[in-house]
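Novice: Provide a 3D model corresponding to the input given below.
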Amino acid sequence: MLKVAKLERQLVQSSKQYPSDFHRKNISTPAFMAFMSKSFVCLVDQHAVFDDVRLNVGNYYNRYHGVFQAPVSGTYHFALTLSIDNQSGHDFYAFLVAGDGNKILGYVFQTTTKEIWQSKTVSVLAYLESGEDVWIKCTIHDSEIAGGLHSCFSGFLVDSQYIPL
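Specialist: The predicted structure is shown next:
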């Protein structure tokens, strides 16, 4: 019994000495949420910039370029909601991408209908390497995206310990 108690104490001590990267470095878990301040027409391969930042823990989301950069390798969750005012006559097609834009994590699309407002949302989990960028890439000409609280991009680190197979 004494050996078991000693091992338990050692385990507790080692967990205090070797916590996750963010706890060890006393850094908050990265998280962001941003809206578009106004509606805009997004061109092919253009970044959709969400410049109205409501949360940016760690400052890893760039509101001027619309890019989140992973501070550490790990599993991240991202959500994207895009809305369209169908009276505009425009559609939207957009990819949630990583890296140079060729790693597609998810997509949303909406074509015009007779309804006034339409929204689409995608939610994904993805493994990112440290320094890898995530952003929204428009895929067709003249994708009009509604601004204000109608369109939102958010993400956060789930776990920095996972190593992909």
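
Novice: so what sits opposite the closest residue to S28 other than its chain neighbours in the bridge?
Specialist: Nearest residue to S28 in three dimensions, chain neighbours excluded: V57, at 4.9 Å (C-beta to C-beta, 6 or more residues apart in numbering). Using the backbone N, CA and C atoms, a C-beta is placed for each residue, glycine as well. Going by DSSP bridges, V57 is paired in beta bridges with A31.

Novice: list the contacts for V57?
Specialist: By C-beta atoms under 8 Å, 6 or more residues apart in numbering, the residues touching V57 are S28, T29, P30, A31, F32, F156.

Novice: now the helices for the protein?
Specialist: Using DSSP state H, the helices of the chain run over residues 2-17, 21-24.

Novice: neighbouring contacts of stretch 133-143?
Specialist: Contact with stretch 133-143 is made by 41-48, 50, 65-70, 76, 78, 80, 90-99, 101, 105, 107, 126, 128, 153, 155, as judged by C-beta under 8 Å, 6+ apart.

Novice: average pLDDT across it?
Specialist: Stretch 133-143 carries an average pLDDT of 83.

Novice: got the CA coordinates for that stretch in CSV?
Specialist: What follows is stretch 133-143, C-alpha atoms only, in CSV (Å, rounded to 0.1, in the frame of the first residue of the first chain):
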residue,chain,number,x,y,z
ASP,A,133,-3.2,30.1,-41.3
VAL,A,134,-7.0,29.6,-41.5
TRP,A,135,-9.1,32.0,-43.5
ILE,A,136,-12.3,32.3,-45.7
LYS,A,137,-11.8,32.1,-49.4
CYS,A,138,-14.4,33.3,-51.9
THR,A,139,-14.8,30.9,-54.8
ILE,A,140,-17.0,32.6,-57.4
HIS,A,141,-17.2,36.1,-58.8
ASP,A,142,-19.5,38.6,-57.1
SER,A,143,-20.2,36.7,-53.9
